[in-house]
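In: any chance you can model this:
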Amino acid sequence: MDLIDTVYSVSLRDYSSDLRPADRVRIETRYAAELERAFGSPDNVAAALDTMESLQSSPPDILSPGDLQLVQHWAKASAAARQAALRDVGDAEGCYFDVERVPF
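Out: Numbering: from 1, shown residues only. Next up, the predicted model:
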C-alpha cells in the first residue's frame with residue numbers, strides 16, 4: 001500500500017446534490033493538478049497558500065511587489081484551475097473550491 005503525502009486539500013463546495021461522489025473527487029483532483037501545474041509542485045502550492053493566508057491579515061498598503069505578484073498569480077492559477085476542473089460540469093454556478101493546508 002502506497003502512502004500519500006498530502007500538504008494541502010481541495011474541497012468542492014456548494015455543488016449540485018446530484019453530483020456523484022466519484023465525479024466530485026475527479027473535479028477536486030483536476031483542480032489540484034492545475035494548481036500544481038501553475039506553481040510547479042504540491043509543496044509550492046502549499047507555500048503559496050501559506051503566504052496567501054498570511055497576506056489576508058496584512059493591510060494592503062504594506063504588501064511588497066512580490067506579495068502583489070503572488071496574489072495575481074494565485075488569482076490566475078485558481079481561475080484556470082476552476083475552469084479546468086469544471087469543464088465537464090453543466091451547472092456549476094455558485095460552487096467554489098476550498099484549498100486548505102493539511103496539518104501535520
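
In: against which helices or strands is the helix ranked longest in the chain packed?
Out: Across the chain, the helix with the greatest residue count (assigned by DSSP state H) is helix 65-85. Helices and strands touching helix 65-85, by 3 or more CB pairs under 8 Å, 6 or more residues apart in numbering; DSSP states H and E, are helix 21-39, helix 42-56, strand 96-101. (Glycine included, C-beta is placed from N, CA and C.)

In: how far does that helix sit from the chain's center?
Out: What separates the centre of helix 65-85 from the centre of its chain is 9 Å, taken as CA atoms, centre = their mean, to the nearest Å.

In: and it, C-alpha only, in CSV?
Out: Only the C-alpha atoms of helix 65-85 are listed here, as CSV (Å, rounded to 0.1, in the frame of the first residue of the first chain):
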residue,chain,number,x,y,z
PRO,A,65,5.8,43.9,-5.1
GLY,A,66,6.5,40.2,-4.6
ASP,A,67,3.4,39.8,-2.5
LEU,A,68,1.3,41.5,-5.1
GLN,A,69,2.8,39.3,-7.8
LEU,A,70,1.8,36.2,-5.8
VAL,A,71,-1.7,37.4,-5.3
GLN,A,72,-2.1,38.0,-9.0
HIS,A,73,-0.5,34.6,-9.8
TRP,A,74,-2.8,32.8,-7.3
ALA,A,75,-5.9,34.5,-8.8
LYS,A,76,-4.9,33.4,-12.3
ALA,A,77,-4.0,29.9,-11.2
SER,A,78,-7.2,29.4,-9.2
ALA,A,79,-9.3,30.7,-12.1
ALA,A,80,-7.6,28.4,-14.6
ALA,A,81,-7.9,25.5,-12.1
ARG,A,82,-11.7,26.2,-11.7
GLN,A,83,-12.2,26.3,-15.5
ALA,A,84,-10.2,23.0,-15.9
ALA,A,85,-11.9,21.3,-13.0
